[in-house]
Structure formats: structure tokens, C-alpha cells
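A.B. asks: Fold the following and give me the result.
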Amino acid sequence: MQQSAPTAFPRPQPEDDFDLDADLDRLAADIEAGRRRIPEEWELEGPAVSVSLGDACDVDPALLAVMCGPDGLGGEAPSAAFGEDRAADVLRPGPVLSALTEQAVSDLPSLSDDQLIGALSAARRLENRAAYLQAVAIAEFARRREIQREEARSRKVPPHRRPGQFPGDELAAELVCTVHYADERIWEATDLATRLPRTLAGMAGGTIDAVRASIIWSYTWALTLLDAEESRAFVAAASRSPRTRFCVTIVAPDGTALAHGCARGQHPWTPPPQATQATQANAT
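C.D. replies: Residues are numbered from 1 along each chain as shown. As a prediction, the model looks like this:
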């Protein structure tokens with residue numbers, strides 16, 4: 001006859017050693033020392049759960065009311081805020097615009113054509129903002145790996161054993177892409193964060209998308225910081241006259257010659273015949 005397994009009894013649990021009086025004494029000591037504060041009455045009377053929208057401090061309260069409840073506390077559906085020149089149509093990308101856009105596209109049939117285009121425009125600004133967030137995150141990732149790599153080099157760690165030596169491989173695994181593409185993302189993001197602050201600010205504000213940022217970077221990646229300053233000077237000089245603009249196009253590689261030549265109002269040199277057609281096309 002098969003015997004049944006013995007019944008397992010629960011192990012005795014240790015007694016709860018919680019001391020309410022001691023806990024209250026610690027709380028009183030923290031309050032007296034300034035480490036804790038007594039909540040205000042309005043805080044105790046408020047809702048148990050609150051949501052912070054980060055950048056909502058300077059947003060129109062009427063617009064924030066639209067976001068609360070199915071139809072908004074103000075009785076206005078979120079879609080109305082996306083009309084031409086309405087509040088959401090020109091709102092900067094961020095948590096507020098994201099919440100409004102999510103609410104608006106949840107009921108697309110109710111949107112007018114104008115509101116639908118407004119929601120699309122908002123989604124594009126949010127997409128550009130997301131590209132900015134990716135860029136700054138990748139740039140910070142590359143910066144940390146650079147510090148690790150330099151510290152390992154200073155400690156005479158043998159090559160191919162240094163921490164942070166292959167950031168592209170790490171990023172490629174996260175982005176599910178090739179190492180070559182990840183290396184380019186690191187290169188571009190680092191340049192955006194260090195050499196192209198206006199482009200990065202445009203991405204943050206939703207006015208420059210990732211493709212245009214890549215185009216700007218691809219045409220300026222070979223410029224040093226000094227060259228970038230000269231490049232801005234070239235643009236300023238080119239705006240003075242068509243003749244100066246043509247000079248800028250021809251002699252942009254030689255910043256010193258251009259600066260002195262334009263200051264004297266002279267043409268630094270005559271372009272070769274084979275370059276004339278291409279440079280004239282670029283100058284327009």
C-alpha cells in the first residue's frame with residue numbers, strides 16, 4: 001500500500017517587531033529637523049492621484065482643461081484645439097501636445113479636415129522632438145563610452161580589452177541595426193550636440209526633422225569649430241549681394257582669402273571654366 005506524502009505545515013513566521021511609538025518619534029524628529037514637512041490642508045483635500053505634465057506651467061489653463069475627462073472640464077472636445085491658429089496648432093512639442101494629440105486621434109471620424117491636418121502637424125512636431133531625444137541620448141551614451149575608453153587607455157589596458165571601445169556594437173544591438181549605421185548615428189548625434197546647437201534646438205522645437213538634420217550634418221561634418229564659425233560668416237557675407245554670394249560659393253574652402261577679399265569688395269580669383277556652371281547653380 002502506497003503511503004501518502006507527509007503534509008507540509010507552514011513554517012512559523014517571526015513576530016512583527018513594528019513599534020508604532022518609535023516610528024512616531026522618528027517622524028516627529030524628522031519634522032523638527034526639517035527633513036519632513038507637514039502637508040498643507042489643501043494638499044490633504046486634493047485628489048489622491050495627480051499627474052505632472054512637465055512643461056504645462058505656461059500653457060493656457062483653458063487648453064489644459066480640454067485634456068481632462070472624455071470631453072474636457074471645459075466642455076470642449078480636444079479636437080477643436082487643432083483648428084488653424086488654435087492653441088494646439090502652434091503648441092511646442094512636449095507632454096501637453098502629446099496628450100492632446102493622443103486624445104484627438106482616438107476619434108478621427110469626428111475631426112474636420114482642418115483639425116485632421118492640425119493633428120498630423122502636431123504628430124510631426126512630436127516626431128521631430130523624439131528624434132531630438134534620441135540624438136541627445138546617443139550623444140550622452142557616446143560621451144560616457146569615450147570617458148571609459150580614455151580612462152582604460154591611461155591605465156595601459158591592452159587594445160580590444162578597453163571598456164567603451166566599441167560603442168557602435170552596443171548601440172547596434174539596442175537599435176537592431178548594423179554596426180556601420182550605429183557608428184554613423186553616434187557620429188551625427190555627437191556633432192549635433194557639440195557643433196550644431198541651432199540644428200539640435202530646431203529638432204527640440206519640432207521645426208527640424210531627423211532627415212533635414214542629417215542633411216545639415218552631412219554637409220558640415222568636415223568642418224572644425226573654427227570652420228563652422230567661418231561658415232556662418234560666409235552665409236552673412238553672401239546675403240549682401242549676388243556678387244559676394246558667388247565669391248562665397250567659389251572660395252568657401254579658403255575662409256581667410258574670402259574674408260579679406262569680401263572686405264575689400266574684390267573677387268579673390270576667377271573660377272576655372274569647368275567649375276563655373278556648377279558653382280553658379282549652387283549660388284542660386
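
A.B. asks: separation between A222 and M203?
C.D. replies: A222 sits 21 Å away from M203, going by CB to CB, to the nearest Å. From N, CA and C alone the C-beta is placed, and that goes for glycine too.

A.B. asks: higher neighbour count, these two?
C.D. replies: Neighbours per residue, other CB atoms under 10 Å: of A222 and M203, the larger number sits with M203, 26 against 8.

A.B. asks: ok, the more buried one - contacts?
C.D. replies: Residues near M203 by CB atoms under 8 Å, 6 or more residues apart in numbering: 128-129, 131-132, 135, 192, 209-210, 213.

A.B. asks: That one sits in which helix or strand?
C.D. replies: Applying DSSP states H and E as the criterion places M203 in helix 197-204.

A.B. asks: Can you name the element that comes right after that helix?
C.D. replies: Immediately after helix 197-204, counting by DSSP H and E, sits helix 210-220.

A.B. asks: Give me the contact list for stretch 174-183.
C.D. replies: Contacts for stretch 174-183 (CB under 8 Å, 6+ apart): 167-169, 171-172, 185.

A.B. asks: Show me the residues you listed that map onto helices.
C.D. replies: Mapping the contacts of stretch 174-183 onto helices (DSSP state H) picks out 167-169, 171-172, 185.

A.B. asks: Quick check: the farthest pair among those residues?
C.D. replies: In these, the most distant members under the criterion CB to CB are D169 and R185, with 12.6 Å between them.

A.B. asks: okay, the two: which has more neighbours?
C.D. replies: Just comparing D169 and R185: by other CB under 10 Å the higher neighbour count belongs to R185, 22 against 11.

A.B. asks: what residues are up against the more buried one?
C.D. replies: Neighbouring residues of R185 by CB under 8 Å, 6+ apart: 138, 171, 175.

A.B. asks: would JSON lines of these with distance to D23 and pLDDT be doable?
C.D. replies: As requested, these are exported to JSON lines (distance: CB to CB, whole Å; pLDDT from 0 to 100):
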{"residue": "I138", "distance to D23": "46", "pLDDT": "97"}
{"residue": "L171", "distance to D23": "47", "pLDDT": "94"}
{"residue": "L175", "distance to D23": "48", "pLDDT": "93"}
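
A.B. asks: Buried ones among those residues?
C.D. replies: With burial judged by 16 or more other CB atoms under 10 Å, the buried subset of these is 138, 171.

A.B. asks: domains of this structure?
C.D. replies: 60-124, 223-284 (automatic domain parsing).

A.B. asks: thinking again about what came up before, Throw the contacts of M203 into CSV and include neighbour count, thanks.
C.D. replies: Listed next are these as CSV, based on neighbours: other CB atoms under 10 Å:
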residue, neighbour count
N128, 22
R129, 19
A131, 20
Y132, 24
A135, 24
L192, 25
D209, 17
A210, 16
A213, 23
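
A.B. asks: Farthest-apart pair in the residues you listed, please.
C.D. replies: R129 and L192 (13.9 Å).

A.B. asks: Okay, A173 and A182: tell me how far apart.
C.D. replies: On the measure of CB to CB, A173 and A182 end up 9 Å apart.

A.B. asks: For the stretch 51-200 of the chain, which residues score under the pLDDT cut-off?
C.D. replies: Along the stretch 51-200 of the chain, the model assigns pLDDT under 70 to residues 51-81, 83-88.

A.B. asks: Would you map the helices across the stretch 51-200 of the chain?
C.D. replies: Along the stretch 51-200 of the chain, counting by DSSP state H, counting those that start in this stretch, helices occupy 61-66, 95-105, 113-154, 167-175, 179-194, 197-204.
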